[in-house]
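**Student:** Here is my input; please provide its structure:
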Amino acid sequence: ASAAVEAGAGAVFAIPLRIGAISPGVLDLYAVAPGGLSAGELADAMTFADAAALVLLDGAQGELGGYRAEIDQATGILTEQLGVGVEEAFVRLRAHTYAEGRRLAEVAADVVAHRLRLPLAPDPD
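**Tutor:** Below is the predicted model:
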């Protein structure tokens, strides 16, 4: 906190990026003066967060706009297969995509077509 104040931040706000149940990140906002956001400022921040989430998902690994439904379907399939929540299923889908060096739309298509089944996470115990 002291480093943030030294850098000139009086307040920090983290607005979740959401598309349905998927949260691919957070929009961080900084203010010079301490204090909260007014109702109007919060509404504006949430609008920007919604736009950022769309840009992030549409721009992630190429053009995904036409594949969003299939990515959502793959995420839903993974929630059932892996016994996890929607957010973790989406993270696992993205992690597998990154680890394999493939496009998200391709991996989602493989999950939906049952050509790919992700392994269960190892038991932490």
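
**Student:** Just give me how far whichever strand or helix holds residue 4 sits from the chain centre.
**Tutor:** Assigned by DSSP states H and E, residue 4 belongs to helix 2-6. Its chain's C-alpha centre lies 28 Å from the corresponding centre of helix 2-6 when counted by CA atoms, centre = their mean, to the nearest Å.

**Student:** repeat for stretch 8-21
**Tutor:** Centroid separation between stretch 8-21 and its chain, computed with CA atoms, centre = their mean, is 13 Å.

**Student:** rewinding a little: let's test this: mean pLDDT of the helix holding residue 4, rounded?
**Tutor:** Average pLDDT, helix 2-6: 83.

**Student:** Dump that helix to CSV, keeping only the CA atoms.
**Tutor:** Presented in CSV, the C-alpha positions along helix 2-6 are these (Å, rounded to 0.1, in the frame of the first residue of the first chain):
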residue,chain,number,x,y,z
SER,A,2,2.8,2.4,0.8
ALA,A,3,4.4,1.9,-2.6
ALA,A,4,1.0,2.6,-4.3
VAL,A,5,0.7,5.9,-2.3
GLU,A,6,4.3,6.8,-3.2
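
**Student:** hang on, isn't residue 22 packed against residue 75?
**Tutor:** Yes - contact criterion CB atoms under 8 Å: residue 22 and residue 75 qualify, at 6.6 Å. (Glycine included, C-beta is placed from N, CA and C.)
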